[in-house]
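> I would like the atomic coordinates for the input below:
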Amino acid sequence: ITADVPYLRADPNRVEAWRTRLDALVPAGRKRIGLVWAGRPTHKNDRKRTVKLERFAPLFARPDLAIITVQKGDRIDEVGSYFGAAPLVNLGPSIFDFADTLAILQSLDHLVTIDTSVAHLAGASGVPTSVILPYAPDWRWLLDREDTPWYPSLRLFRQQRPTDWSGVVERGVGTL
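Reported below is the predicted structural model:
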C-alpha cells in the first residue's frame with residue numbers, strides 16, 4: 001500500500017475504438033458517467049450490495065450527464081424501464097471481457113458502481129469512481145473512511161444504517 005496507480009492500462013487501440021463509438025452515441029457536451037448497479041447473484045454478499053437501477057434516479061435527473069452502462073448479467077434488463085433526463089447508452093451486451101471493460105472505463109469521465117470487480121478495475125486504472133457500499137461492506141473497503149489506500153481515485157459512499165440506501169446515491173452523485 002499504495003501502489004503506483006494506474007498499474008493497469010487498456011490497449012490504446014481498444015480505448016480509441018470505444019471513444020469513437022461513444023462519441024457517436026453520446027450528445028456533445030455531456031459528461032460520460034459509467035454505471036454498475038448489480039453484482040454476480042451467486043456472490044455471498046450480493047443481496048446486500050446490489051441495488052435496483054431505479055435507485056440511481058438522482059443521477060438520471062442530471063441533464064449534463066450521459067449514463068453509460070457497464071453492467072453485465074441478468075440485471076441488465078432493468079434498462080428497459082429507464083426514464084431520465086440523461087441519455088442512457090447500454091453497452092452491456094457489447095462487452096465481451098475485462099479488456100473491453102477497461103477500455104470503456106478509460107473512455108469515461110467518472111464511474112458510479114457498487115462493490116464489484118469493475119470497482120477494482122477502475123481503481124487499478126486510476127478512473128475517478130464513486131463506490132456505493134452497504135453498511136457492512138467487504139473487508140477490503142475498511143471502515144469509517146471515504147477513501148481507500150489501495151485506489152486513490154475511488155471515493156466510498158456507505159449506508160448509514162443496514163439495508164437503508166436512502167441518501168447513499170445522492171452523496172455519491174453529488175460529487176460529479
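> okay, the nearest residue to residue 142 once chain neighbours are set aside: pLDDT?
Nearest residue to residue 142, sequence neighbours excluded (C-beta to C-beta, 6 or more residues apart in numbering): residue 148, at 6.9 Å. Every residue, glycine included, has its C-beta placed from N, CA and C. Reported pLDDT at residue 148 in the predicted model: 93.
> residue 148: how many residues sit nearby?
Look at residue 148: counted by other C-beta atoms under 10 Å, it has 19 neighbours.
> okay, and the helix or strand of the chain with the least pLDDT?
helix 46-49 (a mean of 78; mean pLDDT, DSSP states H and E).
> and residue 158, how far is that from residue 68?
24 Å (C-beta to C-beta, to the nearest Å).
> same question, residue 22
7 Å.
> so what sits against both of those two?
Counting by C-beta atoms under 8 Å, 6 or more residues apart in numbering, the contacts common to residue 22 and residue 68 are 32, 89.
> the more surrounded of the two?
residue 68 (26 against 17).
> in the sheet, who's paired with the more buried one?
residue 34, residue 89 (DSSP bridges).
> that one and residue 35 touch, don't they?
Yes: between residue 68 and residue 35 there is a contact at 6.9 Å, judged by C-beta atoms under 8 Å.
> buried residues of the least confident helix or strand of the chain, list them for me.
48-49 (16 or more other C-beta atoms under 10 Å).
> hmm, who's touching it?
Against helix 46-49 from outside (C-beta under 8 Å, 6+ apart): 38-40, 43, 114-116, 133-137, 163.
> that helix: how far from the chain's middle?
Its chain's average C-alpha position is 16 Å from that of helix 46-49, according to C-alpha atoms, centre = their mean, to the nearest Å.
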